[in-house]
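S.K.: need a structure here:
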Amino acid sequence: MTCPHCQSLFIKKKGKRNEKQRFICNACKKQWTSPLTDLIEINKDVKCGGVFKYKTDKDVIRIHCGTDIHHGANEHHYDKFDKFIDTIEKDDDAFFFLNGDNIELIPPNYKISQRGQYMENDDQHFTFAERIRKIRNKLLFIRGGNHDMIRSENILGFDVSKALARDLSVPYFKMPGYSEIQVKGKKWYLVTGHGKGGGKNGDLELDKMAQVYSDGDVFLLGHNHQLYTKPIDSLVVEGDEERLKRRWYCRGGSFLKYAEYARYSFFPMIRTGWVTMEFSETEIRCWVN
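M.R.: Sure, this is the predicted structure:
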């Protein structure tokens, strides 16, 4: 947790009041309270096969997925990502996670030209961290993708996405897996991963995910830059009757405009944007921005 006023990490607990934890910031000296059920355990990475857990007493929370941001790329949609940050900052019930390809990261002497990015790789890392620092207290976890995590691991044996999580003091969720979202005692299961497939039919990879993670209520992948949400309905047995069970398929979009490599290969044009998932005690709603 960070100070909501100055984003300092130098905070400490100062007793409890009305089932809430009270905090004080040693940097700006301001105090605030937070519901005990809204606290995220920082610096606890989600291991392979583990489950990220978040619970709240709020009536509703909105979780925004920031995936395929490509900060540092020539075609990065700066205004769109600023809108993402602004939307989360102004909404008291908003949270978010980073789902990979957060920076462009084209290393020297790589198989593609560095001309596709407008700043050095270290500057990409530092400026991206500073860019989202003001909403760090709403960041649930960070995941890496093929641009950042895989490239840095393959070339250096160093995971730049894990370093970003350490810098921002949030959990690192490297592999695909479950997030348990508990709203007023109701547990929902959000299944996320960066993604790998680049086919036209984004549902095919989501189908594979749903077969492996069969308890999921929402399935979300990035990577292919497709942007959509769609309900997947089925019938289940409850007592002596059937009832409708709704799950959601989501592809998380991107913050990358029509890149030169896409133009060269005649890749289809896909609008930029992101997915929001709203969880309440009774239902889940998903939409694109």
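S.K.: got a list of what the closest residue to Glu180 other than its chain neighbours touches?
M.R.: Closest residue in space to Glu180, ignoring its immediate chain neighbours: Lys53 at 4.6 Å, by Cβ to Cβ, 6 or more residues apart in numbering. In short, each C-beta sits where N, CA and C put it, glycine included. Contacts for Lys53 were tallied using Cβ atoms under 8 Å, 6 or more residues apart in numbering; they are Ser179, Glu180, Gln182.
S.K.: element containing the first one?
M.R.: The one in question is Ser179. Using DSSP states H and E, Ser179 falls within strand 177-183.
S.K.: ok so, going back, in a strand, the residue nearest to Glu180, correct?
M.R.: Yes: counting by DSSP: H, G, I helix; E, B strand; the rest coil, Lys53 is part of a strand.
S.K.: got a pLDDT number for it?
M.R.: In this model, Lys53 is scored at 93, pLDDT.
S.K.: And the one 3 residues further on, by the same measure?
M.R.: The predicted local confidence for Thr56 comes out at a pLDDT of 91.
S.K.: which stretch of helix or strand covers the residue positioned nearest the centre of the chain?
M.R.: Taking Cα atoms, centre = their mean, the centroid of the chain lies closest to Phe97, which sits 2.3 Å from it. Assigned by DSSP H and E, Phe97 belongs to strand 94-99.
S.K.: Tell me the strands beside that strand, with direction?
M.R.: Here strand 94-99 is paired, per DSSP bridges, with strand 60-66 (parallel), strand 139-143 (parallel).
S.K.: starting at the chain centroid, how far to the last one?
M.R.: Meaning strand 139-143. Centroid displacement of strand 139-143 relative to its chain, using Cα atoms, centre = their mean, to the nearest Å, is 6 Å.
S.K.: what about dumping the CA coordinates of that strand to PDB?
M.R.: This file holds the C-alpha atoms of strand 139-143, laid out as PDB (Å, rounded to 0.1, in the frame of the first residue of the first chain):
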ATOM      1  CA  LEU A 139      -2.900  -1.600  -8.800                       C
ATOM      2  CA  LEU A 140      -3.700  -5.200  -8.000                       C
ATOM      3  CA  PHE A 141      -0.800  -7.000  -9.700                       C
ATOM      4  CA  ILE A 142       1.600  -6.900 -12.700                       C
ATOM      5  CA  ARG A 143       2.100  -9.500 -15.400                       C
END
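S.K.: quick revisit: can you mark which positions in whichever helix or strand comes after the strand holding Ser179 are buried?
M.R.: Using DSSP H and E, the next helix or strand after strand 177-183 towards the C-terminus is strand 186-193. The neighbour-count check on strand 186-193 (16 or more other Cβ atoms under 10 Å) flags Trp188, Tyr189, Leu190, Val191, Thr192, Gly193 as buried.
S.K.: Equivalent analysis for stretch 17-30, please.
M.R.: For stretch 17-30, the neighbour count (16+ other Cβ under 10 Å) marks Lys20, Gln21, Phe23, Ile24, Cys25 as buried.
S.K.: now the second one, which residues is it bridged with?
M.R.: Think Gln21. Here Gln21, judged by DSSP bridges, has bridge partners Lys16, Ser34.
S.K.: Surely it and Lys13 touch.
M.R.: Yes: between Gln21 and Lys13 there is a contact at 6.1 Å, judged by Cβ atoms under 8 Å.
S.K.: and Arg263, backbone torsions?
M.R.: Dihedral angles phi and psi of Arg263 (degrees, to the nearest 10) take the values phi -60, psi -40.
S.K.: with the contacts of Lys53 in mind, which one is nearest to Met209?
M.R.: Set against Met209, the nearest of these by Cβ to Cβ is Ser179 (13.4 Å).
S.K.: from memory the closest one sits against Gly193, does it?
M.R.: No: using Cβ under 8 Å as the test, Ser179 is too far from Gly193 to be in contact (11.1 Å).
S.K.: domain ranges for this structure?
M.R.: Following automatic domain parsing, one finds the domains of the chain at 1-36, 40-288.
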